[in-house]
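In: sharing a model prediction with you, sequence too.
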Amino acid sequence: KKACFLIEEIIKKWANSYARAVELRPGAELTGALEFVGLFSKPSKEEPIAWPVVRVHFNVPADFETALVPRVTYALEGERLEYDVTTDLGRRFKESWLDRIVMDKRAIRADMALRTKR
């Protein structure tokens, strides 16, 4: 629970126009790993329950409670690059990163819709 609160504290400053939630990664309860998924969506008047949802995968070290600065890492959905919140780049999360993934997902959905309309 404390690890989840740690993630929530980190992401609450990331993207003000996005709704967000944090949950334990499926299967992590079996392994005991402190792995979480941050879910981000951008609600609007037209779409209060927004699609698509962007996932950000987090890893919290087992010693996070005793570490002076916990080395929490995260990776954006569909990307291999892992950011560390203790580094300058890791602290500079940009809302535009989420916007790009949302635009990509919408473009893929539109393309799929065009292909099925024959």
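Out: Everything's here; your move.

In: so what secondary structure elements neighbour the helix ranked longest in the chain?
Out: Assignment by DSSP state H gives helix 95-116 as the longest helix of the chain. In terms of contacts (3 or more Cβ pairs under 8 Å, 6 or more residues apart in numbering; DSSP states H and E), helix 95-116 is packed against strand 54-59. All C-beta atoms are positioned from the backbone trio N, CA, C, and that covers glycine.

In: neighbouring strands for the strand it packs on, and are they parallel or not?
Out: In the sheet containing strand 54-59, its partner strands are strand 35-41 (antiparallel), strand 73-76 (antiparallel), by DSSP bridges.

In: and the angle for it with helix 95-116?
Out: Counting by axes from the mean of the first three to the mean of the last three Cα atoms, to 10 degrees, strand 54-59 lies at 130 degrees to helix 95-116.

In: and strand 54-59, average pLDDT?
Out: Here strand 54-59 scores 94 as its mean pLDDT.

In: my guess is residue 23 contacts residue 36, does it?
Out: Yes: the criterion here is Cβ atoms under 8 Å, and residue 23 meets it with residue 36 at 6.6 Å.
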